[in-house]
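[1] Need a 3D model of the following:
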Amino acid sequence: MPTAQRFHSFRDWCVEHFGHPLHRVALDAGSQCPNRDGTKGFGGCSYCDVDGSGTGALRAGAQLDEQLRLGLERIARRKHAGRAIAYFQSYSNTYVARERLEEVLAVTAPYLGREVAAISVATRPDTLPDEALEVLARWNTRVPVWIELGLESADDRVLLALNRLHTLAEFEDATQRVRRAGLLCVAHAILGLPGDGREGALRTARALARAPVEGVKAHQLMVLERTRLAHEWRAGEVRTLELDEYVQWLADFVELLRPDQVLHRLHGDAPDGLIAPTWSRINPGVREALEAELERRGSRQGARCEV
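    Model (predicted):
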């Protein structure tokens with residue numbers, strides 16, 4: 001982390017490792033989830049819509065190779081075009097047969113090392129078999145590959161109430177196996193989950209600091225249409241964080257992370273179907289607000305890290 005900055009940003013990390021910022025191309029490979037298909041449960045996580053927190057592009061008919069090609073074309077048209085991360089986002093992308101995982105990754109092959117500088121694969125800690133890690137480790141010899149693991153909360157009771165149906169112990173085991181495979185791990189956390197509270201956010205930060213996790217994605221709880229959470233929010237059973245409140249919680253969270261952990265995301269973007277919080281619909285300036293809050297405190301990332 002540059003000494004002049006108060007947190008370790010993804011943009012700065014990319015410049016350090018690749019020479020320029022990277023842009024994500026979000027891809028929908030049509031994967032599934034064990035708490036939707038009945039293996040563990042049905043309905044998915046309470047906050048997750050029918051697109052699996054992804055693009056929904058494959059369900060809309062866009063094939064995977066077309067998604068990647070169009071995404072790379074959009075990046076090339078930017079004023080400061082750089083290279084891309086092929087980001088397999090929707091659902092659990094290692095919850096497939098080995099052959100299917102190879103087929104999905106092969107879509108990136110014509111672009112590797114040129115337009116595509118890295119591959120990022122989102123999944124759950126309980127759908128990451130060793131054979132998937134073997135496949136991904138082999139691709140890691142061509143371009144950097146990192147695994148994005150959803151933890152969301154370090155409280156098993158909260159995870160059960162959300163219908164996530166995995167545990168903190170499964171997350172910790174998965175991160176160890178990702179490290180042994182020689183891959184980078186990026187963990188996801190949601191601040192403001194029902195029943196978690198500010199103390200829960202701190203508990204999650206401490207768990208991430210202890211884990212062999214190189215990157216962290218944090219975002220505010222968002223209520224989307226077509227989710228169980230939407231019904232609970234309308235019934236007054238759930239509230240979301242105001243912007244100023246979220247920045248306070250985020251500053252607490254960042255202070256407890258390790259200084260070396262890279263912040264890949266500081267807040268969630270507003271997808272279609274957003275109900276609350278309404279500030280998610282605009283560019284809320286969270287990066288600048290976090291920097292200002294840490295400066296006001298005379299603090300920085302890792303200032304209260306206990307590891």
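[2] Please count neighbours and contacts with C-alpha atoms only from this point.
    Will do.
[3] mind checking the SS state of H80?
    Secondary structure for H80, judged by DSSP: H, G, I helix; E, B strand; the rest coil, is coil.
[4] Going by secondary structure, E148 is in what exactly?
    strand 145-152 (DSSP states H and E).
[5] neighbours around R100, how many?
    By other C-alpha atoms under 10 Å, the residues close to R100 number 15.
[6] any idea how far L64 is from it?
    13 Å (C-alpha to C-alpha, to the nearest Å).
[7] hang on, the earlier thing: what's the average pLDDT for the strand holding E148?
    Mean pLDDT, strand 145-152: 97.
[8] Tell me which strands it pairs with, and in which orientation.
    strand 116-123 (parallel), strand 184-191 (parallel) (DSSP bridges).
[9] could you dump these to CSV with distance to V238?
    Converted to CSV, these look like this (distance: least, C-alpha to C-alpha, whole Å):
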stretch, distance to V238
strand 116-123, 26
strand 184-191, 13
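[10] Looks like A187 contacts A211 (just checking).
    No: A187 lies out of contact with A211 (C-alpha atoms under 8 Å); the separation is 9.5 Å.
[11] Tell me where the chain has helices.
    Taking DSSP state H as the criterion, the chain carries its helices at 10-18, 64-76, 98-106, 130-139, 156-161, 168-180, 197-210, 228-234, 243-256, 286-297.
[12] how about the fifth one: buried residues?
    Buried positions in helix 156-161, judged by neighbour count with 16 or more other C-alpha atoms under 10 Å: V158, L159.
[13] for stretch 99-113, same thing?
    Within stretch 99-113, judged by 16+ other C-alpha under 10 Å, the buried ones are L101, V104, L105, V107, T108, Y111, L112.
[14] And the fifth one, how far from V145?
    Between T108 and V145 the computed distance is 12 Å (C-alpha to C-alpha).
[15] re the thing from before, quick one: closest of the helices of the chain to H267.
    Closest to H267 of the helices of the chain, according to C-alpha to C-alpha: helix 286-297, at 7.0 Å.
[16] May I see the buried residues of stretch 131-151?
    Burial within stretch 131-151, assessed by neighbour count using 16+ other C-alpha under 10 Å, is assigned to 132-133, 135-137, 139-140, 144-151.
[17] Run through who's touching it.
    94, 98, 101-102, 112-113, 117-125, 168, 171, 178, 181-189 (C-alpha atoms under 8 Å, 6 or more residues apart in numbering).
[18] mind redoing it with 6 Å?
    Identification of contacts with stretch 131-151 by C-alpha atoms under 6 Å, 6 or more residues apart in numbering yields 118-125, 183-189.
[19] E115 touches R83, doesn't it?
    Yes: between E115 and R83 there is a contact under C-alpha atoms under 6 Å: 5.0 Å.
[20] Now stretch 15-32: buried residues?
    Within stretch 15-32, the residues scored as buried using 16+ other C-alpha under 10 Å are 20-32.
[21] circling back to that earlier point, pipe the buried residues of stretch 99-113 into JSON lines and attach distance to I282 per row.
    Shown next, in JSON lines, are these (distance: C-alpha to C-alpha, whole Å):
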{"residue": "L101", "distance to I282": "36"}
{"residue": "V104", "distance to I282": "33"}
{"residue": "L105", "distance to I282": "33"}
{"residue": "V107", "distance to I282": "33"}
{"residue": "T108", "distance to I282": "32"}
{"residue": "Y111", "distance to I282": "33"}
{"residue": "L112", "distance to I282": "33"}
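[22] of all these, which comes closest to V158?
    For these, the nearest to V158 is L101 (30.6 Å; C-alpha to C-alpha).
[23] ok, now how distant is that closest one from H219?
    28 Å.
[24] And L151, by the same measure?
    Taking C-alpha to C-alpha, one finds L151 at 12 Å from H219.
[25] And for A118?
    Distance from A118 to H219, by C-alpha to C-alpha: 23 Å.
[26] And these two? Which one has more around it.
    For A118 versus H219, neighbours defined as other C-alpha under 10 Å are more numerous around A118 (24 against 18).
[27] Report the contact partners of that one.
    Neighbours of A118 in contact, by C-alpha under 6 Å, 6+ apart: I85, V143, P144, V145.
[28] what's across from it in the sheet?
    On the basis of DSSP bridges, A118 is bridged to I85.
[29] gap between it and P21?
    A118 is 12 Å from P21, by C-alpha to C-alpha.
[30] shaky segments in this protein?
    In the predicted model of the chain, residues 1-4, 51-62 satisfy pLDDT under 70.
[31] at 80 instead, please
    1-4, 50-62, 79-81, 270-271 (pLDDT under 80).
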